[in-house]
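Participant: Quick one: sequence plus predicted model below, questions after.
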Amino acid sequence: TVAGSITASTAADVRRALRADSVVASISDDVGTIERGLSNRVAVLPEVAAVSPLRVTEARVGATSTSVGAIDAGTIDGLWNLDVREGSTEALRGGGIAMLVGTDSAVHVGDRVTVTLPEGGDIEFPVMAVFRNSFPGFDAPPWLMDVATYDRYVQGGSDSLVLVSYRDGVSDEDGRAAVE
């Protein structure tokens, strides 16, 4: 499980934030090892209600080297409690970006930031949300965007996590069996 390799205090944070029924995690904390199409294949299973991958790439936001992640902005709220303090994750679907609280005190919802992605060059994104709960267990990205936006600018790579919720009436055992 995700919490198995994390400290007790972080494990408590995971339990508070995790809303998904199942988490597929990379075998490496440093690099995503989950085949990028897995979340799409899992999403169409009859036992599954919602899925979001977490993709991560190195980037530059303004003058700072950092990482940027991708989530499904339409499903993430039901799978992980990002504890959005300002704005909304749904607003990311229009091509915006979200920032972890404390990442840059000079940046606020409504501001625009320049993100330099490995294959996409410099792209300006509006900040649409500020969140407090990131993803533990690895070097989690302090910046998030919707997976559709991310995929326009970042080719290749793998997923670090796939969060899955089962349809009502599907047992954990049946859901896990379907996903596996």
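Facilitator: That came through fine. Only a predicted model underlies this, so the values are computations on that prediction, with no experimental measurement involved.
Participant: And for the nearest residue to residue 35 once chain neighbours are set aside, the neighbour number?
Facilitator: Nearest non-adjacent residue to residue 35, counting by C-beta to C-beta, 6 or more residues apart in numbering: residue 158, 6.4 Å away. Glycine gets a C-beta too; all of them are placed from N, C-alpha and C. Neighbour count of residue 158, defined by other C-beta atoms under 10 Å: 16.
Participant: Start the count at 36 instead of 1 going forward.
Facilitator: Happy to do that; since the first residue is 36 now, the last one works out to residue 193.
Participant: pretty sure residue 193 contacts residue 68?
Facilitator: Yes. Using C-beta atoms under 8 Å, residue 193 is in contact with residue 68, at 5.6 Å.
Participant: what is in contact with those two at once?
Facilitator: Common neighbours of residue 193 and residue 68 are listed as residue 61 (criterion: C-beta atoms under 8 Å, 6 or more residues apart in numbering).
Participant: Can you name the element that comes right after the host helix or strand of residue 103?
Facilitator: Residue 103 is part of strand 99-106 when elements are defined by DSSP states H and E. Scanning forward in sequence from strand 99-106 by DSSP H and E, the next helix or strand is helix 111-114.
Participant: What's the mean pLDDT across the helix or strand following that next one?
Facilitator: Downstream of helix 111-114, the first helix or strand assigned by DSSP H and E is strand 119-122. In this model, strand 119-122 has a mean pLDDT of 96.
Participant: What is the strand holding residue 103 packed up against?
Facilitator: strand 83-96, strand 178-181, helix 182-188 (3 or more C-beta pairs under 8 Å, 6 or more residues apart in numbering; DSSP states H and E).
Participant: Nice, that's everything, thank you.
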